[in-house]
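K.L.:
I would like to see how this sequence folds:
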Amino acid sequence: VECQLLELLILSEEARKHKTFVRLMQELKELLECEWKDQGKYSSVFAPRNFTDRVVRDYFTIIGTITSTPLGADLMDELSAGVSGNATTRLLLNLCTRPARLDITKTIVSSLHYEATHDNREILQVVLTAREPSLRRSATQHLLHLCRAGTAGFADWGIDSLVTQLNDVDDSVVLMALDILLEALDIDDYLNAAVMRNPTQRLSQLSKKAPLPLVDPDDTNQRIAAAAHDMLLRFAGHNQGVQWLQDLPRDSQGGDLRGWISVEIEEWDSSKNIKYVEQVEAELVNVLRNDMWDGPDAGAAGVELKHVALPTHLYGQLGATANGCQLLRQTVGKLEKWGSLLDGVDAEHDSNGQGRHASDRELRAALWVIGHVGASADGWSVLNDTVGDVMKTISQMATSSPVLSLRGTCLYIVGMLSTTAAAREHLV
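P.N.:
Purely as a prediction, here's the structure:
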């Protein structure tokens with residue numbers, strides 16, 4: 001309520017001249033100066049023994065509200081006797097660079113507003129590059145809150161800060177930045193901003209920190225490598241990103257100058273499409289192994305199953321963009337190979353419905369390839385031109401296959417394909 005009142009007072013020319021408002025501005029500035037100089041009547045207000053009190057920390061919340069607009073920041077400088085412009089910003093910067101009071105630095109970062117004032121973003125940038133790793137981690141973590149809050153202008157300065165953090169010397173900061181970026185890329189504006197900064201070279205380096213796939217979730221290097229590789233795959237779902245990845249050498253230091261994305265297609269074609277099936281089905285198994293089935297409340301109503309999010313699929317990313325579809329057409333034999341596995345499905349099983357395990361797995365891999373590519377209008381067009389009408393075949397498999405895992409996969413793939421109007425017409 002107090003912060004809302006301050007916002008109203010700042011907007012009122014008459015209120016800004018009131019002696020109580022003027023005194024508040026002066027005392028807030030004097031608070032910061034006493035803390036910085038460690039002398040004066042307010043020098044003990046922010047002492048460590050007092051800082052655990054939320055009321056004391058709320059002084060920074062008030063300062064953050066006042067400096068949230070250029071007008072408020074200017075007022076705080078103008079109404080403080082004997083100071084020059086940007087004095088508040090300089091004081092806050094001075095307080096943020098003291099290694100002895102990390103608690104104050106973290107409170108300042110979390111209390112300021114970053115939408116309209118460049119000065120506050122300058123303070124955040126200083127903390128993001130501070131010497132102490134704990135400060136850099138705290139400031140990077142705050143970028144996640146700003147991202148989720150949809151802070152105005154975050155696509156410009158926030159994404160740029162996160163991309164910069166990928167070069168941090170502390171692996172925990174790098175991993176945090178990668179995780180935040182992966183979440184942010186779900187928003188088109190943030191994806192565009194990240195791609196335009198073209199961090200593909202750095203991401204390629206990070207993806208080589210450990211062998212993939214991720215085996216030990218507690219191994220930081222493996223997590224960094226997996227997240228960096230996933231981010232490269234996400235870039236493949238952006239038109240300009242495809243171009244960056246085509247121009248990116250797979251391993252320039254090792255002498256492999258082939259385009260990253262060309263090599264990635266080869267790897268998906270040889271093994272990663274199969275591994276994708278294994279990963280999705282392993283996650284499904286983990287979800288189904290819960291109390292609903294084998295716990296003390298087995299069979300009880302209201303037991304909620306966890307959600308399984310599909311991992312990023314290279315073919316699906318390529319099918320979503322014009323450059324990606326062009327690349328799929330250039331490597332048309334890849335799609336034709338997977339599409340051909342859908343022909344003669346019945347021959348894969350004997351009269352008892354028992355199929356060769358490897359063939360079933362390859363068939364499910366083919367279904368995921370088809371489903372991901374055809375989930376976009378451009379991708380569906382590529383499918384029709386290269387593989388033909390697959391909707392009829394998949395629909396028949398969904399209702400008549402003797403293998404339940406194939407039926408389940410087919411139902412999901414039909415749903416993915418039905419996201420486009422052209423594919424729905426074939427379903428009818």
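K.L.:
Can I get stretch 398-417 in PDB, CA atoms only?
P.N.:
The C-alpha trace of stretch 398-417 is given here as PDB (Å, rounded to 0.1, in the frame of the first residue of the first chain):
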ATOM      1  CA  ALA A 398      -3.900 -46.900 -34.200                       C
ATOM      2  CA  THR A 399      -7.000 -49.000 -34.400                       C
ATOM      3  CA  SER A 400      -5.700 -52.400 -35.600                       C
ATOM      4  CA  SER A 401      -2.100 -52.900 -34.600                       C
ATOM      5  CA  PRO A 402      -1.700 -56.000 -32.300                       C
ATOM      6  CA  VAL A 403       1.100 -54.100 -30.400                       C
ATOM      7  CA  LEU A 404      -0.400 -51.800 -27.800                       C
ATOM      8  CA  SER A 405       2.700 -49.600 -27.600                       C
ATOM      9  CA  LEU A 406       2.400 -48.900 -31.300                       C
ATOM     10  CA  ARG A 407      -1.300 -48.100 -30.900                       C
ATOM     11  CA  GLY A 408      -0.500 -45.600 -28.200                       C
ATOM     12  CA  THR A 409       2.200 -44.000 -30.200                       C
ATOM     13  CA  CYS A 410       0.000 -43.800 -33.300                       C
ATOM     14  CA  LEU A 411      -2.800 -42.100 -31.300                       C
ATOM     15  CA  TYR A 412      -0.400 -39.400 -30.100                       C
ATOM     16  CA  ILE A 413       1.100 -38.900 -33.600                       C
ATOM     17  CA  VAL A 414      -2.400 -38.500 -35.100                       C
ATOM     18  CA  GLY A 415      -3.000 -35.800 -32.500                       C
ATOM     19  CA  MET A 416       0.300 -34.100 -33.500                       C
ATOM     20  CA  LEU A 417      -0.500 -34.200 -37.200                       C
END
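K.L.:
which parts of that stretch are buried?
P.N.:
Across stretch 398-417, burial judged by 16 or more other CB atoms under 10 Å covers 398, 401, 403, 405-406, 409-410, 412-414, 416-417. The way it works is simple: take the backbone N, C-alpha and C, and place the C-beta from them, glycine included.
K.L.:
Over it, what's the mean pLDDT, rounded is fine.
P.N.:
Mean pLDDT, stretch 398-417: 91.
K.L.:
what separates that stretch from the chain centre, distance-wise?
P.N.:
31 Å (CA atoms, centre = their mean, to the nearest Å).
K.L.:
Pull the residues that contact the strand or helix carrying residue 58.
P.N.:
Residue 58 is part of helix 54-66 when elements are defined by DSSP states H and E. With contacts defined as CB atoms under 8 Å, 6 or more residues apart in numbering, helix 54-66 is touched by 2-3, 6-7, 10, 25, 28, 31-32, 45-46, 50-51, 72-73, 75-76, 88, 92, 104, 107-108, 111-113.
K.L.:
what's the next secondary structure element after it?
P.N.:
helix 70-78.
K.L.:
on that earlier part again, just the buried residues of the contacts of helix 54-66.
P.N.:
Going by neighbour count (16+ other CB under 10 Å), these have 6, 10, 25, 28, 31-32, 46, 72-73, 75-76, 88, 92, 104, 107-108, 111-113 buried.
K.L.:
give me the number of residues near residue 89?
P.N.:
19 (other CB atoms under 10 Å).
K.L.:
what's the answer for residue 201, then?
P.N.:
Neighbour tally, residue 201, other CB under 10 Å: 13.
K.L.:
quick one: the closest residue to it other than its chain neighbours from residue 211, how far?
P.N.:
In this structure, residue 201 finds its nearest non-sequential neighbour in residue 248, 6.7 Å apart by CB to CB, 6 or more residues apart in numbering. Distance of residue 248 to residue 211, computed by CB to CB, to the nearest Å: 20 Å.
K.L.:
So the two - more neighbours on which side?
P.N.:
Legend: neighbour count by other CB under 10 Å for residue 248 and residue 211, higher for residue 248 (20 against 10).
K.L.:
average pLDDT across the helix holding residue 58?
P.N.:
84.
K.L.:
same deal with stretch 201-219?
P.N.:
88.
K.L.:
a helix runs through residue 186, doesn't it?
P.N.:
No - counting by DSSP: H, G, I helix; E, B strand; the rest coil, residue 186 is not found in a helix; it is coil.
K.L.:
From residue 312, how far out is it?
P.N.:
Distance check for residue 186 against residue 312: by CB to CB, it reads 11 Å.
K.L.:
neighbour count winner among these two?
P.N.:
Applying other CB under 10 Å to residue 186 and residue 312 shows that residue 312 carries more neighbours, namely 19 against 9.
K.L.:
How about the contacts made by the residue nearest to the more buried one when sequence neighbours are not counted?
P.N.:
Nearest residue to residue 312, sequence neighbours excluded (CB to CB, 6+ apart): residue 233, at 4.4 Å. The contact partners of residue 233, taken as CB under 8 Å, 6+ apart, are 264, 312-314, 317.
K.L.:
Any chance of JSON lines for these, columns distance to residue 153 and pLDDT?
P.N.:
Converted to JSON lines, the contacts of residue 233 look like this (distance: CB to CB, whole Å; pLDDT from 0 to 100):
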{"residue": "264", "distance to residue 153": "33", "pLDDT": "95"}
{"residue": "312", "distance to residue 153": "27", "pLDDT": "95"}
{"residue": "313", "distance to residue 153": "32", "pLDDT": "96"}
{"residue": "314", "distance to residue 153": "32", "pLDDT": "97"}
{"residue": "317", "distance to residue 153": "27", "pLDDT": "96"}
